[in-house]
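K.L.:
Got a predicted structure here, sequence first:
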Amino acid sequence: MDKILRIDMGAEGGPKAKETGLDAYSGLGGRALTSSIVAGEVPPLCHPLGAENKLVISPGLLSGTGAAMSGRISIGCKSPLTGGIKESNSGGQAAQVLARLGYAAIVLEGKPPGDSLYKVFINKDGVKIEAAASLRMLPNYDLIDKMKEQYGDKIACISIGPAGEMKLSAASIACTDPELRPTRHAGRGGVGAVMGAKGVKVIVLDDTGLKARPPKDLEKFRAANKIFVAGLSSHPVTGQALPAYGTNVLTNIVNEAGAYPAYNFKDGQFPGASKISGETFAELETQRGGNPTHHCHRGCVIRCSGIFNDKNGKFLTKQPEYETVWAHGAHCGIDDPDAIAMLDFLDDNYGVDTIDMGVAIGLAMQAGVAKFGDAEAAINLVKEVGKGTPLGRILGSGAAITGRVFGVENVPVVKGQALPAYDPRAVQGIGVTYATSPMGGDHTAGYSIATNILKSGGYVDPLKPEGQVELSRNLQIATAAIDSTGMCLFIAFAVLDQPETFQALIDLLNSFYGLELNAGSVTDLGKKVLTVEREFNKKAGFTKEHDRLPRYFYTEPVAPHNITFMVKDEEMDKLFDW
């Protein structure tokens, strides 16, 4: 991964591709690389859908190697949803294949004239960019079927659905899984709209004839990987809970903790939680010939994904993730697993973020567009997005726009991005992350649930403000570093609890690159990434007042604990004072 592929979509005579060296970006990958390129090359005040913005697609430092769990990809740009810098993270095969092709990043620059649409094909022989008008407005599943027909089934694809082409600000970018299904999405921040604005419908990657990237010290690399895998396999979360029930194992746990937002964050518990829990989904999947345990990319040993078949035993979608189940479930008052699975399929097919889409539908329900609990109405609302109707374009633009259009007072967003499936009043640490992350309302940016609820890496009482800023700070730093390696964020459970697993991660990097990193080096990388992102947002007009939750979280208590968010503003303002 010693080169960057830059594609100027607005070049005279049509898009032009060229390869450059890493230069100032040497030693970076994943989020560190996407955020550095965006911060260094994109004017902070530019329009997110204009020619000055850039879409950066980068595998992590360990992607394309034999390291377990290294198949995450980072996609960065100025976000049309938040107006700030964005790194959206996805699983799937794309990171591994792109890294084996030798690219540290693909950078889509400029903007084609009119409504020109293109597809990009990359293999060991080079890059081909072709007009793709015949692919216009195809949903993701139909699109990938066409790519398989043309290029075979040994490829990986990065694509957008109709929402991305319409440049809706909640549009996602799909990455194909090992079975070539467009089920893994860089969902947050409207990155799909930026890809649509660049006129790129799909990027097809083919690493045929290429091998895994070789480490500097193969023996030490293999030894580190063995310890790393053993640590993940022995941890109760990554070795037992996630493989058995997927991320949705959290539903009963978080509901019991009184932090499972229901009916647009009105309540902290949902009466129908057990009907849509990970345990229930896993049982259904097994009964119908699906599988509750599946890997989203080759080399994953946690296998927290799954295969959901419909009532006729036919594949419908991947196992809906915890946040998806919540957004289309409890948030909308829906407790039907089949309806939630259908909503997940439609989101993936049209290419929209399941979180912002589900929260937008819940807001529409509160406004009276449909009734809470009406699954059929929710499905029809997502179909409006696919049709591109005015109502569909409103919903597909995310929760903030939907709340404003329908005059809803309590809109759960930070920096324009919908909050995920944890009430910040009942888990105060995640509230700090929601408020202060450069990414907007994002649980993955500093996942305090690990410590507040699951007691991984220690314990900080979720109902008290004390210690939450420090917890969020440490987790945001660690997350920024992990996102740069290409590793799945779920390794954090074992890394937090097992010193030998953390050391094995460092040893993987050292043995692969011939470095001498230590724990301090990891911390320094995380701080560097966050500093770059914060500086971009500051130049884009963000102030400390943007690092706040919506006011009602401070004034309206949530049952069953009947508490508000209590972390003081002045404490959160010091979070990034290293």
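P.N.:
That came through, no problem. Numbers count the residues shown, from 1 in each chain.
K.L.:
wait, what's in contact with the spatially closest residue to residue 438 that is not a sequence neighbour?
P.N.:
In space, not counting the residues next to it along the chain, residue 438 is nearest to residue 533; the distance is 3.9 Å by C-beta to C-beta, 6 or more residues apart in numbering. (Each C-beta comes from the backbone N, C-alpha and C, glycine too.) Residues near residue 533 by C-beta atoms under 8 Å, 6 or more residues apart in numbering: 35, 39, 84-85, 87, 438-439.
K.L.:
which strand residues sit across from residue 563 in the sheet?
P.N.:
Beta-bridge partners of residue 563, counted by DSSP bridges, are residue 558.
K.L.:
Relative to residue 267, how far out is it?
P.N.:
Per C-beta to C-beta, to the nearest Å, residue 563 is found 13 Å from residue 267.
K.L.:
so where is this protein shaky, pLDDT-wise?
P.N.:
For the chain, applying pLDDT under 70 flags no range at all.
K.L.:
center of it, which residue is that?
P.N.:
The C-alpha lying nearest the average C-alpha coordinate of the chain belongs to residue 89 (C-alpha atoms, centre = their mean; 4.0 Å).
K.L.:
Among the contacts of residue 533, which one has the most neighbours?
P.N.:
Each of the contacts of residue 533 was scored by neighbour count (other C-beta atoms under 10 Å); the top score is that of residue 87, with 32 neighbours.
K.L.:
Does that one touch residue 34 like I think?
P.N.:
Yes: assessed by C-beta atoms under 8 Å, residue 87 is found in contact with residue 34 at 5.3 Å.
K.L.:
what sits in contact with each of the two?
P.N.:
74-76.
K.L.:
Of these, keep whichever come out buried.
P.N.:
A residue is treated as buried here by neighbour count (16 or more other C-beta atoms under 10 Å); on that basis the buried members of the shared contacts of residue 87 and residue 34 are 74-76.
K.L.:
List the buried residues in stretch 409-425.
P.N.:
Residues 411-425 are the ones in stretch 409-425 that count as buried (16+ other C-beta under 10 Å).
K.L.:
Please apply the same query to stretch 384-393.
P.N.:
For stretch 384-393, the buried set under the neighbour-count rule, 16+ other C-beta under 10 Å, comprises 384-386, 388, 391-393.
K.L.:
tell me how far the ends of it are from each other?
P.N.:
Counting by C-alpha to C-alpha, to the nearest Å, you get 8 Å between the two ends of stretch 384-393.
K.L.:
Other residues contacting it?
P.N.:
By C-beta under 8 Å, 6+ apart, the residues outside stretch 384-393 that reach it are 137, 139, 161-163, 166, 168, 346, 349-350, 352, 357, 381, 383, 395-396.
K.L.:
Now do it: distance to the chain's middle.
P.N.:
Here stretch 384-393 shows a centroid-to-chain-centroid distance of 23 Å under the convention C-alpha atoms, centre = their mean, to the nearest Å.
K.L.:
Direction included, what does the helix or strand containing the residue nearest to the centre of the chain pair against?
P.N.:
According to DSSP states H and E, residue 89 maps onto strand 85-90. Sheet pairing here is set by DSSP bridges, and for strand 85-90 it gives strand 73-78 (antiparallel).
K.L.:
How far off centre is the strand it pairs with?
P.N.:
Its chain's C-alpha centre and that of strand 73-78 lie 10 Å apart, by C-alpha atoms, centre = their mean.
K.L.:
Convert the C-alpha atoms of that strand to CSV, please.
P.N.:
Taking C-alpha atoms only, strand 73-78 is exported to CSV below (Å, rounded to 0.1, in the frame of the first residue of the first chain):
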residue,chain,number,x,y,z
ILE,A,73,-12.5,0.2,5.5
SER,A,74,-12.7,4.0,6.1
ILE,A,75,-14.6,6.4,3.9
GLY,A,76,-14.0,10.1,4.5
CYS,A,77,-15.2,13.5,3.2
LYS,A,78,-16.9,16.7,4.3
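K.L.:
rewinding a little: next, format the contacts of residue 533 as a markdown table and append distance to residue 465.
P.N.:
A markdown table is the format used below for the contacts of residue 533 (distance: C-beta to C-beta, whole Å):
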| residue | distance to residue 465 |
| --- | --- |
| 35 | 29 |
| 39 | 32 |
| 84 | 26 |
| 85 | 28 |
| 87 | 28 |
| 438 | 22 |
| 439 | 22 |
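K.L.:
in the stretch 351-500 of the chain, which spans are helices?
P.N.:
For the stretch 351-500 of the chain, the helices defined by DSSP state H, counting those that start in this stretch cover 354-366, 375-387, 390-395, 399-405, 428-436, 449-452, 468-485, 492-497, 499-513.
K.L.:
right, so of these, which gets closest to residue 130?
P.N.:
Residue 130 lies closest, by C-beta to C-beta, to one member of the helices of the stretch 351-500 of the chain: helix 375-387, at 25.3 Å.
K.L.:
tell me the angle of the closest one relative to helix 354-366?
P.N.:
120 degrees (axes from the mean of the first three to the mean of the last three C-alpha atoms, to 10 degrees).
K.L.:
Can you report how many residues lie near residue 578?
P.N.:
10.
K.L.:
OK, contacts around it?
P.N.:
For residue 578, the contacting residues are residue 527, taking C-beta under 8 Å, 6+ apart as the criterion.
K.L.:
Repeat that for residue 568.
P.N.:
Residue 568 sits next to residue 465 when contact means C-beta under 8 Å, 6+ apart.
K.L.:
separation between it and residue 551?
P.N.:
Taking C-beta to C-beta as the measure, residue 568 falls 15 Å from residue 551.
K.L.:
go on, residue 60?
P.N.:
38 Å.
K.L.:
what residues are up against the residue lying closest to residue 395 once chain neighbours are set aside?
P.N.:
Closest residue in space to residue 395, ignoring its immediate chain neighbours: residue 360 at 4.8 Å, by C-beta to C-beta, 6+ apart. When the contact criterion is C-beta under 8 Å, 6+ apart, the partners of residue 360 are 170, 394-399, 401-403, 418.
K.L.:
do residue 243 as well
P.N.:
The neighbours of residue 243, taking C-beta under 8 Å, 6+ apart as the test, are 293, 302-304.
K.L.:
Return the member of these nearest to residue 228.
P.N.:
Residue 228 has its nearest neighbour among those in residue 302, at 11.7 Å by C-beta to C-beta.
K.L.:
pretty sure the closest one contacts residue 242?
P.N.:
Yes: applying C-beta under 8 Å as the test, residue 302 and residue 242 come out as touching, 5.3 Å apart.
K.L.:
Please enumerate the shared neighbours of these two.
P.N.:
Each of residue 490 lies in contact with both residue 302 and residue 242 under the rule C-beta under 8 Å, 6+ apart.
K.L.:
And residue 97, how close does it get to residue 195?
P.N.:
Residue 97 sits 18 Å away from residue 195 when distances are taken as C-beta to C-beta.
K.L.:
Between those two, tell me which one has more neighbours.
P.N.:
Between residue 97 and residue 195, residue 97 has the larger neighbour count (other C-beta under 10 Å), namely 32 against 29.
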